[in-house]
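Asker: Output the structure for:
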Amino acid sequence: MTTHQQAHPGTAPKLEAPERSAALSCPGGAADNSPGQDPPERSAGGPPPWGLGKDGSPSSYALRAHGRREGGWVPVPARGQCPDAPRTNRRTKALETISRKSRKIPSGPAYRRRTTNLMNQTTMTHKLKQQRTHILFTLLAVACFVLTARTQTYVTGDQVAQAAYDAGFRSSSLVYAVAIADAESSFELDAIDHDSNGTADYGLWQINSSHGYNSSELLSSADYNAGAAYSISGNGTDWDPWVTFYTLGEYDVPNYEGAGPYTSYLSPALGYAFSVDSTVVHAIGDSVKATQSGVHVRNTPGGVAQSEERNSGDTGVITGSYQTAQINGTGKTWIWWQVKWSDGQQGWSAQDYMTRTGTAQPTVAITFATSPAGLQLTVDGTAYATPTNFNWTPGSPHTLSAPTPQYSGLYSRYQFTGAQNQTITTPNSGTTYTANFATQYDLTVGAGPGGTVGSSSGWYGSGVVVPISAAPNFGYSFSGWTGSGWGSYSGSSSSASATMNGPVFETANFSPNPTAVTIASSPSGLSLVVDNQSPAITTPATFNWTSGSLHTVSATTPQYSADSHTQYSFSSWSDGQAQSHSITVPSSATTYTATYSTRYLLNTASSPPAGGTITPSPAGPWYNPGQTVSLTANASAGYTFGSWSGVDSSSGSTASVTMNGYRNVTANFTPNPTVISDTRMVGQTLNIDVSTTVGSTYTLEYKDSLADANWTSAQ
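Answerer: Have a look, this model is predicted:
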């Protein structure tokens with residue numbers, strides 16, 4: 001339907017109202033489809049012919065037949081105007097029959113009796129038949145009313161196309177006009193749609209009453225309706241007023257009252273339009289001419305425009321079926337045909353900008369395939385997944401290209417083996433062209449640390465046997481191949497081969513040769529910790545380690561000789577590293593030495609222990625080799641220093657030693673004398689309690705009398 005808001009485009013075309021027919025196809029009438037005649041055949045794929053419903057039955061449409069004549073469409077008769085069926089005078093026929101029979105009966109009483117009885121019988125029969133006749137005509141009148149009240153008059157697509165053509169639509173605008181009539185009314189001549197705003201849409205193109213056209217004419221005359229559509233559409237250039245063409249800002253048709261997408265009406269519309277306008281492009285093989293300059297040919301329907309433009313008058317041939325697509329930003333759905341232009345350019349061109357100039361030529365089916373199947377080919381500049389089919393005109397030239405290589409994942413590909421680009425001439429019969437590709441697989445060869453490989457990674461044909469080899473670097477040995485993939489090799493031989501039954505991965509492995517590493521100390525015989533293992537090693541110790549491997553060493557400090565007289569303190573490692581550190585094994589034999597400093601023990605003692613102490617200077621007890629130590633003897637109370645033992649030199653209570661090894665020094669002390677004074681008479685006992693160490697000697701002195709001058713000693 002047209003939108004009633006659309007501005008009136010101008011004065012409606014004054015088309016004369018069609019005449020009514022004198023015949024009516026009611027039961028018993030004189031129409032072509034009267035009872036007793038076979039209904040007309042329905043054409044395959046199109047709307048029903050005149051006098052038939054969509055299902056081919058004569059019940060609905062026998063009441064409103066149409067015919068094509070000079071000057072317009074002729075509907076006969078109008079809805080609700082079904083005349084009475086002609087009545088048969090059955091009573092007259094009965095009387096005539098009786099009269100014919102009566103002439104055979106003799107005269108006289110018997111004749112009169114029989115005549116009277118026959119007349120009475122005839123009168124009763126007439127009354128019964130008269131009642132039946134009234135009932136029959138009552139039912140016929142009701143049926144005629146019901147049928148005329150429910151009648152929908154459909155026309156064919158060809159008739160709609162003719163009406164649109166007569167109104168002025170041409171070429172692509174004619175196609176759009178027929179498609180929109182189909183979408184709007186399904187080719188129902190007297191279709192009416194009442195809108196909620198009080199307006200109504202009438203006829204084939206659903207012309208809204210707001211445009212001012214005669215509604216009766218719109219419903220009864222296809223020519224009148226088409227003329228209105230031509231005027232409202234701006235002579236076929238603007239279809240915006242029709243909701244089936246323009247809805248919500250997008251050129252397309254929604255499921256408006258079940259009409260379906262607008263593009264679904266284009267295919268039949270092409271055929272209908274072509275039936276009345278031979279300039280309509282409608283089939284593969286049509287010769288075409290560009291009608292406008294500056295129009296681009298596109299790579300795909302509505303896609304990227306090619307650089308070269310068409311000039312008005314350029315000629316070409318339709319090589320592929322049409323498709324519908326929009327151009328980005330325009331919103332309009334266009335009809336696109338695949339065209340090969342005379343200058344060799346080929347691609348997709350819009351039907352709006354070209355016209356048909358020649359009769360469609362017969363085509364043959366051409367199939368393009370690949371081996372293996374499913375690869376891509378480029379036909380006339382457009383890439384297609386195979387197999388792909390075309391309908392081409394015999395003798396027409398086309399370009400064919402096999403893109404190569406084509407990949408299946410990362411490690412498999414297909415390489416075309418022949419001439420990659422070709423031009424073919426379409427043969428006279430269906431043909432299949434197959435592009436043969438060679439399957440190739442990727443061989444990936446790598447080397448681990450410590451060696452090299454003599455085989456190159458690359459692509460190889462299926463089933464090809466490829467030699468592989470490996471060589472170790474200095475200080476390494478080849479340890480074996482690690483392979484994966486169908487046909488790969490895994491083993492200890494440095495020279496082998498891989499069969500390319502699929503992608504193959506090969507890695508050459510190498511191991512470093514063992515290196516003798518000695519862990520030593522200076523002085524020798526000390527304990528060191530290697531790789532945090534317990535117990536510690538006693539130096540020197542030698543290990544066979546893999547070149548490049550990592551190990552740890554640690555120097556324990558301090559350490560002591562077995563008699564504890566000598567001390568060893570860590571000084572440094574031969575590699576200059578810290579006391580505990582990691583080492584990377586070199587490729588050649590190496591010794592790592594931990595250097596320790598040596599010191600000797602100075603042991604001092606007093607005799608008796610309580611007699612005194614010894615003070616060394618400097619303080620000890622551990623001294624470096626050759627170091628001189630001064631000693632001082634300190635007597636305890638009640639003692640007196642006596643002598644030294646174990647010293648190098650002495651002077652009284654001082655002495656010195658040189659630490660060239662372990663030294664043991666003793667300071668000897670003597671206890672001081674004890675005096676006890678007591679007086680006793682001669683004959684008295686003197687008790688002396690002396691607590692002393694066993695073995696000590698004491699001296700006792702006494703006088704016999706006080707007058708004695710001298711002391712007598714006793715021990």
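
Asker: Now do residue 646 against residue 468, distance only.
Answerer: Computed as Cβ to Cβ, to the nearest Å, the residue 646 to residue 468 distance reads 80 Å. Every residue, glycine included, has its C-beta placed from N, CA and C.

Asker: between these two, who's got more neighbours?
Answerer: Between residue 646 and residue 468, counted using other Cβ atoms under 10 Å, the more crowded position is residue 468 (23 against 16).

Asker: In which helix or strand does the nearest residue to residue 455 once chain neighbours are set aside reside?
Answerer: Spatial nearest neighbour of residue 455, chain neighbours left out: residue 468 (4.2 Å); criterion: Cβ to Cβ, 6 or more residues apart in numbering. Secondary structure assigned from DSSP states H and E places residue 468 in strand 465-472.

Asker: Show me what that strand packs onto, helices and strands only.
Answerer: Here strand 465-472 touches strand 431-447, strand 451-453, strand 476-484, strand 495-499, strand 504-512, going by 3 or more Cβ pairs under 8 Å, 6 or more residues apart in numbering; DSSP states H and E.

Asker: residues making contact with the third one?
Answerer: Put plainly, it is strand 476-484. With contact meaning Cβ atoms under 8 Å, 6 or more residues apart in numbering, strand 476-484 is reached by 449-451, 468, 470-472, 489-494, 496, 498, 504-513, 547.

Asker: Any of the residues you listed buried? List them.
Answerer: 450-451, 468, 470, 472, 489, 494, 496, 498, 504-513, 547 (16 or more other Cβ atoms under 10 Å).

Asker: Residue 567: which element?
Answerer: strand 566-573.

Asker: hang on, the earlier thing: enumerate every residue touching the residue nearest to residue 455.
Answerer: For residue 468, the contact set (Cβ under 8 Å, 6+ apart) comprises 445, 453-455, 481, 489, 495-498, 506, 508.

Asker: Confidence-wise, which of those comes last?
Answerer: The lowest pLDDT within the contacts of residue 468 belongs to residue 455, with 82.

Asker: I'd say residue 361 and residue 285 touch.
Answerer: Yes. Between residue 361 and residue 285 there is a contact under Cβ atoms under 8 Å: 3.8 Å.

Asker: residues shared between the contacts of the two?
Answerer: residue 393.

Asker: Count residues in the vicinity of residue 387, would you?
Answerer: 14.

Asker: Got phi/psi on it?
Answerer: Torsion angles at residue 387 (phi, psi; degrees, to the nearest 10) stand at phi -80, psi 150.

Asker: what's the closest non-adjacent residue to it?
Answerer: Ranked by Cβ to Cβ, 6+ apart and with sequence neighbours excluded, the top spatial neighbour of residue 387 is residue 369, at 4.4 Å.

Asker: and the one you found, how many residues sit next to it?
Answerer: So residue 369, with other Cβ under 10 Å, has 18 neighbours.

Asker: before we move on, the earlier item: would TSV of the helices and strands packed on strand 465-472 with distance to residue 193 be doable?
Answerer: Putting the helices and strands packed on strand 465-472 into TSV (distance: least, Cβ to Cβ, whole Å) gives the following:
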stretch	distance to residue 193
strand 431-447	52
strand 451-453	81
strand 476-484	72
strand 495-499	75
strand 504-512	71
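
Asker: tell me the most buried of the ones you listed?
Answerer: strand 504-512 (a mean of 21; mean count of other Cβ atoms under 10 Å).

Asker: quick one: the helix or strand immediately after that strand in the chain to strand 566-573, angle?
Answerer: Beyond strand 504-512 in the direction of the C-terminus, DSSP H and E gives the next helix or strand as strand 514-522. Calculated by axes from the mean of the first three to the mean of the last three Cα atoms, to 10 degrees, strand 514-522 forms an angle of 130 degrees with strand 566-573.

Asker: So which other helices or strands are in contact with strand 514-522?
Answerer: If contacts are counted by 3+ Cβ pairs under 8 Å, 6+ apart, strand 514-522 sits against strand 527-530, strand 541-546, strand 550-555, strand 590-607.

Asker: Would you mark the buried spots in the longest one?
Answerer: Right, the one you point to is strand 590-607. Neighbour count says strand 590-607 has 590, 592-594, 596-597, 599-602, 604, 606 buried, by 16+ other Cβ under 10 Å.

Asker: what does the first one give?
Answerer: Neighbour counts over strand 527-530 (16+ other Cβ under 10 Å) mark 528-530 as buried.

Asker: out of these, who's nearest residue 406?
Answerer: Nearest to residue 406 among the buried residues of strand 527-530: residue 530, at 59.6 Å, using Cβ to Cβ.

Asker: hey, what's the closest one bridged with?
Answerer: residue 553 (DSSP bridges).

Asker: got a list of what it touches?
Answerer: The contact partners of residue 530, by Cβ under 8 Å, 6+ apart, come to 519, 536-537, 541, 543, 551-554.

Asker: Now do the end-to-end distance for stretch 178-193.
Answerer: With Cα to Cα, to the nearest Å as the measure, stretch 178-193 spans 19 Å from end to end.

Asker: mean confidence score for it?
Answerer: Averaging pLDDT along stretch 178-193 yields 91.

Asker: With stretch 198-212 instead?
Answerer: Stretch 198-212 shows an average pLDDT of 93 in the prediction.

Asker: hey, what's the residue lying closest to residue 490 once chain neighbours are set aside bridged with?
Answerer: Leaving aside its sequence neighbours, residue 490 sits nearest to residue 483 (Cβ to Cβ, 6+ apart; 4.5 Å). For residue 483, the beta-bridge partners are residue 506 (DSSP bridges).

Asker: Okay, strands next: where are they in the stretch 301-450 of the chain?
Answerer: For the stretch 301-450 of the chain, the strands defined by DSSP state E, counting those that start in this stretch cover 305-310, 315-326, 333-341, 346-350, 354-356, 364-371, 376-379, 382-385, 388-392, 397-401, 406-407, 412-416, 421-425, 431-447.
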